[in-house]
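1. coords please:
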Amino acid sequence: MSEKKYWLENYGCQMNKAEAAALELELQAEGWIKAESEHEADLAIINTCTVRQSAENRIWGRIGHYKHLKKERDMKLVVMGCMAENRKDELTKKGSAVDIVAGTKGQKLLVKKLSGDYTGQEDFLEENRYSFHQSHGSVDSINALVPIMHGCNNFCTYCIVPYVRGREVSRDAEEILGEVKSLVEKGVKDVTFLGQNVNTYIDKEADVNFAGLLRRTARETGVKRIRFLSAHPKDLTDDIIEVMASEDAVCKHLHLPVQHGSSKVLMEMNRRYTKEDYLLLVDKLKKAMPDISLTSDIMVGFPGETPGDLEELKDLMRKVRFSEAFTYFYNPREGTKAFGREDSLPDEIKKARLAEIIALQRDITAGEFDKRIGSTVEVIAEHVSKKSDEEILGRTERNETVLFKGTKDLIGKILTVKITSLKGQTFFGEEVPCPGE
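-> Down below sits the predicted model:
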């Protein structure tokens with residue numbers, strides 16, 4: 001029997017990355033071999049994102065690429081993920097280059113279909129409940145992404161995610177703990193729990209909430225570091241903060257998307273907290289963990305945003321002092337509540353305001369990073385530098401990358417490093433020998 005070769009392209013969030021890794025494991029278990037490029041593949045899979053129009057535009061371009069490629073070779077094209085849910089009618093119309101459309105809830109059926117074991121509906125878009133994969137593999141031998149919940153119940157007025165991912169579904173706690181233990185046995189040191197709204201995780205049957213899951217993972221699995229994405233400010237409870245502060249394995253780093261600093265804009269976004277609520281939460285986090293690092297998502301140009309609202313955002317940024325922030329301007333998504341508002345802002349205003357926010361965050365980041373020079377940190381050595389076989393890139397619990405001298409035999413080890421300098425957003429350091437060495 002000839003080899004079956006696949007090619008997988010992944011776009012979007014880290015949840016997509018984890019789901020793509022799980023799909024690859026399942027394909028390989030069924031005898032599929034990863035191709036060197038799409039030009040030698042019998043099967044091409046595009047795992048899509050639909051959060052912004054630019055993401056969809058890129059996918060349409062790739063579909064056009066495969067339409068031409070299919071004229072040269074016999075191959076199937078699968079489009080899966082969020083855009084498959086959002087644009088299923090366009091993707092399945094007559095004359096489309098797409099052979100199979102697999103929505104966010106039908107992905108687990110895909111390998112069965114490709115193996116000839118599934119005879120149900122062709123587009124996998126009628127599944128009513130998301131099913132988790134048993135194993136999601138790891139990004140490399142040190143880090144792993146572990147989905148623990150799926151979907152979102154918040155319906156922020158700018159966001160398409162609840163419509164394409166569906167309502168919140170939590171994974172069984174014992175299954176999560178089992179996967180983490182298995183990953184640790186394979187050499188993983190650092191896991192990141194994933195969910196669209198990760199801190200509302202709940203296994204009702206086992207009576208395990210998110211704080212309980214963090215504590216059990218820290219105490220029962222042997223993993224060295226635990227991170228999580230993404231946390232909604234309104235759901236970051238006192239018990240989660242207490243676990244973060246008390247359990248050494250839970251990283252003192254938090255990505256806490258604020259989106260804006262104006263209470264008026266936050267209300268219109270349906271974020272369900274005010275600027276003051278967010279600042280109180282940050283104060284509580286810093287009191288519990290004085291050395292915590294905070295990162296965020298920040299949106300400008302939401303419909304109706306005024307210059308005064310922008311100043312409120314700048315004020316919040318100066319008070320919180322995020323070490324880094326992902327900044328972007330409002331991108332209207334059809335189907336969301338904010339779409340088509342008459343008070344939408346012109347792109348030139350949105351871009352100008354974004355430039356102001358980027359400049360402010362750049363200054364804040366530089367100031368926060370400068371404070372770290374001279375500090376001594378623990379890093380997990382992750383991989384050899386791309387520029388030199390005699391340099392190692394490690395990561396701190398604060399999610400900082402540190403480059404220092406070393407060889408590949410250090411990979412996976414926890415080392416003490418003194419930060420000596422900074423270039424761009426990469427710290428440089430020197431390993432501190434253990435006493436007696």
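2. what sits up against the helix or strand of the chain with the lowest mean pLDDT?
-> Every helix and strand in the chain was compared by mean pLDDT, DSSP states H and E; the lowest is helix 110-114, with a mean of 78. When contacts are defined by CB atoms under 8 Å, 6 or more residues apart in numbering, helix 110-114 is touched by residues L23, E26, L27, E30, W32, L43, V78, M80, I100, A102, Y118, F124. The C-beta positions use only the backbone N, C-alpha and C, and glycine is treated the same way.
3. now a PyMOL select for only the buried ones of those residues.
-> Buried subset of these, written as a PyMOL selection, criterion 16 or more other CB atoms under 10 Å:
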select buried, resi 23+26+27+32+43+78+80+100+102+124
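4. now, which of the contacts of helix 110-114 lie within strands?
-> If you go by DSSP state E, the contacts of helix 110-114 have W32, L43, V78, M80, I100, A102 in strands.
5. surely the third one touches A97?
-> No: between V78 and A97 there is no contact under CB atoms under 8 Å: 11.0 Å.
6. buried ones in the least confident helix or strand of the chain?
-> Under the neighbour-count criterion of 16+ other CB under 10 Å, helix 110-114 has L110, V111, K113, L114 buried.
7. in stretch 12-19, what counts as buried?
-> Buried positions in stretch 12-19, judged by neighbour count with 16+ other CB under 10 Å: G12, C13, M15, N16, K17, A18, E19.
8. again, but for stretch 313-331
-> Those buried within stretch 313-331 under the rule 16+ other CB under 10 Å are 313, 316-317, 320-325, 327-331.
9. and the contacts of helix 110-114, which is closest to I241?
-> The closest of those to I241 turns out to be L23 (CB to CB; 35.1 Å).
10. surely the closest one meets Y6?
-> No: applying CB under 8 Å as the test, L23 and Y6 come out as separate, 9.3 Å apart.
11. mutual contacts of those two, please.
-> I45.
12. picking up where we left off before, need the buried residues of stretch 313-331 in TSV (columns: secondary structure, distance to G166 and pLDDT).
-> Shown next, in TSV, are the buried residues of stretch 313-331 (DSSP: H, G, I helix; E, B strand; the rest coil; distance: CB to CB, whole Å; pLDDT from 0 to 100):
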residue	secondary structure	distance to G166	pLDDT
L313	helix	31	98
L316	helix	32	98
M317	helix	33	98
V320	helix	32	98
R321	coil	36	98
F322	coil	30	98
S323	coil	33	97
E324	strand	30	97
A325	strand	28	98
T327	strand	28	97
Y328	strand	24	96
F329	strand	27	97
Y330	coil	24	97
N331	coil	21	94
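13. biggest separation within those, which pair?
-> Distance extremes for these: the farthest pair is R321 and N331 at 26.7 Å, using CB to CB.
14. Three-state assignment for the closest residue to A22 other than its chain neighbours, please.
-> What sits nearest to A22 in space, not counting adjacent residues and going by CB to CB, 6 or more residues apart in numbering, is H133, at 3.6 Å. What DSSP: H, G, I helix; E, B strand; the rest coil gives for H133 is coil.
15. quick one: H133 from L145, how far?
-> Here the criterion is CB to CB, to the nearest Å. By it, H133 lies 11 Å from L145.
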